[in-house]
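**Q** Take this sequence and fold it.
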Amino acid sequence: MNKYECQIGCGKGHKFKEIKIQETSILQKKGVNFYDLCRKTDLNMLIMEILRDLILILVPSLLVGTVVYLLLKDFRKTELERLSHSNDLEKFRLVAPLRLQAYERMILLLERIAPSQLIMRHIQPDQSAASLQNVLVSNIRQEFEHNLSQQVYISSNAWELIKNAREAVVSDINSAAEKLNSTATATDLAQLIFEDDISGDASTLYKALEFLKQEVRANYF
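**A** Numbers count the residues shown, from 1 in each chain. Just a heads-up that it's a prediction; the model follows:
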């Protein structure tokens, strides 16, 4: 047995000690403590294990959280749509009768201001043409003003047609009156108005009537 073998021991059972002594001597030469190195290695391993555990915990949690978020988002959207639809139905239930009544009143208004209807209600014996003209125009204005609030419940297009119809009827009455002299009777004026009203199906008033009827059928029936 030589000198080196005496220092480190002999036999196979001492090989590990020999390697350890050699490694330790190398680390000491480099200024590194063997036990500090072991502690650092253990710390790194601990950190890696903690990171692994965090990943194993966080990744499934994130997946579950994402799925729950998407489900809640979809549920909230569906619920909002349901509430909106329910509110719309409730509004329709409350407003529909008022709107339908408004359309009925506007149709009645147009029927009442039709020249033939006006003359039948207001012409008097021995009445002058000028007097009948004033009565007819005044009655149209009163009928229209009485129903002004109904424009809230009908469409803008319908209300515009109603206004145009009123103005057209007043214009027709005034135009017929201008064709007569000061001694003309109410019968003369009525005859001229009836002649102008023969093509009533194409007049502004009857167009407004048809529009209102179509809107009512489309929205409520």
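
**Q** For the residue nearest the centre of the chain, which three-state class applies?
**A** Central residue of the chain (CA atoms, centre = their mean): S84, 9.2 Å from the mean position. For S84, the secondary-structure state derived from DSSP: H, G, I helix; E, B strand; the rest coil is helix.

**Q** Next: N87.
**A** For N87, the reduced secondary structure class is helix; criterion used: three-state DSSP.

**Q** Count the residues that sit near it.
**A** Residues within reach of N87, counting by other CB atoms under 10 Å, total 10. To be clear about C-beta, it is placed using only N, CA and C from the backbone, and glycine gets the same treatment.

**Q** same deal with T204?
**A** Each residue near T204 was counted by other CB under 10 Å, and the total is 19.

**Q** Quick one: residues contacting it.
**A** 161, 164-165, 168 (CB atoms under 8 Å, 6 or more residues apart in numbering).

**Q** Which PyMOL command selects the buried ones in the residues you listed?
**A** Here the buried members of the contacts of T204 are turned into a PyMOL selection, burial being counted by 16 or more other CB atoms under 10 Å:
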select buried, resi 161+165+168
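
**Q** Now distance to S138, secondary structure and pLDDT too, for the contacts of T204, in TSV please.
**A** Conversion of the contacts of T204 to TSV gives the following (distance: CB to CB, whole Å; DSSP: H, G, I helix; E, B strand; the rest coil; pLDDT from 0 to 100):
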residue	distance to S138	secondary structure	pLDDT
L161	23	helix	95
N164	20	helix	94
A165	17	helix	94
A168	17	helix	92
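
**Q** Name the nearest of the contacts of T204 relative to A184.
**A** Among the contacts of T204, A168 lies closest to A184 (CB to CB), at 22.2 Å.

**Q** So for that closest one, what's the nearest residue that isn't a sequence neighbour?
**A** Excluding its sequence neighbours, the residue lying closest to A168 (CB to CB, 6 or more residues apart in numbering) is T204, at 4.0 Å.
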